[in-house]
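Participant: Sharing a model that was predicted from the sequence below.
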Amino acid sequence: MLIAMPGMGDPRFEQALVYICAHSEDGAMGLIVNKPTPEVRFNDLLSQLEIQPGPETRDIRIYYGGPVEAARGFVLHSADYASEGATMPVDTGVGLTATLDVLEELARGRGPKSSLLALGYAGWGPGQLEDEIGQNGWLTCSARDDLIFGRANEHKWTAALRSMGIDPLLLSGEAGHA
């Protein structure tokens, strides 16, 4: 996971916690997991996609996943669900599906036990993320289910820092050089 440093300079990533879904020499892709979009409701999205919600439909929160392709949806979910040929395993216990079938399952009250629906994603070109980390734009920490799927979004950034033994009140956005 990436933890946005204070003073990053891009307001879209202020106090963002990004779960990295793919990283290679070609670049990186991740989803912001702590910025829900209260103006977009799951049932409204289902209606736009002409998916009929069932009586067991859960209220799935929709998140701002990042500034790239903001109209494209991604469901980050627990590994108890997989859509044949459409789910990309991200890590042990976590998958990513970007097809309508996962939304149809969620609308019927089925599908993954844990899920997060993100609109858009954060993307970096080759070497760009490494440069941003080197310039003190991001810290990295281990991903945990509570940081990914937990409901306390306003506390995820602080919890990620504390998981590394860092007091957020003492964190500076200025890089030091010896």
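Facilitator: Thanks, I have it. Numbering: from 1, shown residues only.
Participant: Give me the nearest residue to residue 111, chain neighbours excluded.
Facilitator: Spatial nearest neighbour of residue 111, chain neighbours left out: residue 105 (3.4 Å); criterion: CB to CB, 6 or more residues apart in numbering. The way it works is simple: take the backbone N, C-alpha and C, and place the C-beta from them, glycine included.
Participant: separation between the one you found and residue 150?
Facilitator: For residue 105, the distance to residue 150 equals 22 Å [CB to CB, to the nearest Å].
Participant: Ok, residue 165 next?
Facilitator: For residue 165, the distance to residue 150 - CB to CB - is 20 Å.
Participant: Without its sequence neighbours, what residue ends up closest to residue 109?
Facilitator: residue 56 (2.5 Å).
Participant: Please apply the same query to residue 42.
Facilitator: Residue 42's closest residue in space is residue 60 (CB to CB, 6+ apart), at 4.3 Å.
Participant: For residue 167, see how far away that neighbour is.
Facilitator: Residue 60 is 33 Å from residue 167, by CB to CB.
Participant: Between these two, tell me which one has more neighbours.
Facilitator: residue 60 (19 against 9; other CB atoms under 10 Å).
Participant: List the contacts of that one.
Facilitator: 42, 106, 115, 116, 117 (CB atoms under 8 Å, 6 or more residues apart in numbering).
Participant: Mind checking the pLDDT average for the helix or strand containing the last one?
Facilitator: Looking back up the chat, that one is residue 117. Per DSSP states H and E, residue 117 falls inside strand 115-124. Averaged over strand 115-124, pLDDT sits at 96.
Participant: From what I see, residue 17 and residue 155 are in contact.
Facilitator: No: using CB atoms under 8 Å, residue 17 is not in contact with residue 155, being 10.3 Å away.
Participant: Those two - which one has more neighbours?
Facilitator: Under the criterion of other CB under 10 Å, the comparison of residue 17 against residue 155 puts residue 17 first, with 26 against 14.
Participant: just the angle between the helix or strand containing residue 21 and strand 115-124, please?
Facilitator: Assigned by DSSP H and E, residue 21 belongs to strand 17-24. Between strand 17-24 and strand 115-124, the angle comes out at 60 degrees (axes from the mean of the first three to the mean of the last three CA atoms, to 10 degrees).
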